[in-house]
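Q: here's a sequence, model it:
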Amino acid sequence: MLTAGNVSDIRAAPALLERAGRMRYLLGDKGYHADRYDADSLRRALRDAGVTPAIHDRSNRKQSIRYDKQRYRGRHLIENTFCRLKDFGRIATRYDKLADNFLSAVALATAVAFWL
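A: Take a look at the predicted model:
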């Protein structure tokens, strides 16, 4: 799912989760704590759906949140994937104005980076 660059993760999460289907765990970073939104409502919705959230809380949060630290450590693989894709200048700067063109460039970069 492609969103505008200025859309925070927490705002895009409901639509993304709706399209994701069934899952057992959700690994999320600190981006799920943005402006007036917080991950608390997302955590509640995930638990109600039978999903275990592994979302780290911000260091300035007054009440710490427990999460599966072992599972959260695996999130670096996701971050590494995005870093590898951003090695391609066209992806990092998003030269393409049309979403279809950009997603096509991401698909090609993915094929080059991880298949060839």
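Q: contacts, neighbours, all on C-alpha from now
A: Fine.
Q: show me the strands in this structure, by range?
A: 25-28, 52-55 (DSSP state E).
Q: which of these sits closest to residue 40?
A: Nearest of those to residue 40, taken as Cα to Cα: strand 52-55 at 9.8 Å.
Q: state the distance from the nearest residue to residue 92 once chain neighbours are set aside to residue 42.
A: Nearest-residue entry for residue 92: residue 86, 4.6 Å, with adjacent residues in sequence omitted and distances by Cα to Cα, 6 or more residues apart in numbering. From residue 86 across to residue 42, the span is 28 Å (Cα to Cα, to the nearest Å).
Q: so where's the protein uncertain?
A: With pLDDT under 70 as the threshold, the chain has low-confidence stretches at 30-38, 58, 61.
Q: and the helices in it?
A: Listed in chain order, the helices of the chain (DSSP state H) span 9-20, 39-48, 69-73, 76-85, 89-93, 99-114.
Q: my read: the residue nearest to residue 92 touches residue 79, true?
A: No - using Cα atoms under 8 Å, residue 86 makes no contact with residue 79, being 10.6 Å away.
Q: neighbour count winner among these two?
A: residue 86 (16 against 12; other Cα atoms under 10 Å).
Q: and that one, how far is that from residue 46?
A: From residue 86 to residue 46 the distance is 30 Å (Cα to Cα).
Q: same check, this time on residue 114
A: Distance from residue 114 to residue 46, by Cα to Cα: 31 Å.
Q: and the two? which has more neighbours close in?
A: With neighbours defined as other Cα under 10 Å, residue 114 and residue 46 compare such that residue 46 has more, 18 against 10.
Q: tally of neighbours for residue 108?
A: Using other Cα under 10 Å, residue 108 has 11 neighbouring residues.
Q: now the one 5 residues further on
A: Taking other Cα under 10 Å as the neighbour definition, residue 113 ends up with a count of 14.
Q: could you do residue 110 as well?
A: If we define neighbours as other Cα under 10 Å, then residue 110 has 17 of them.
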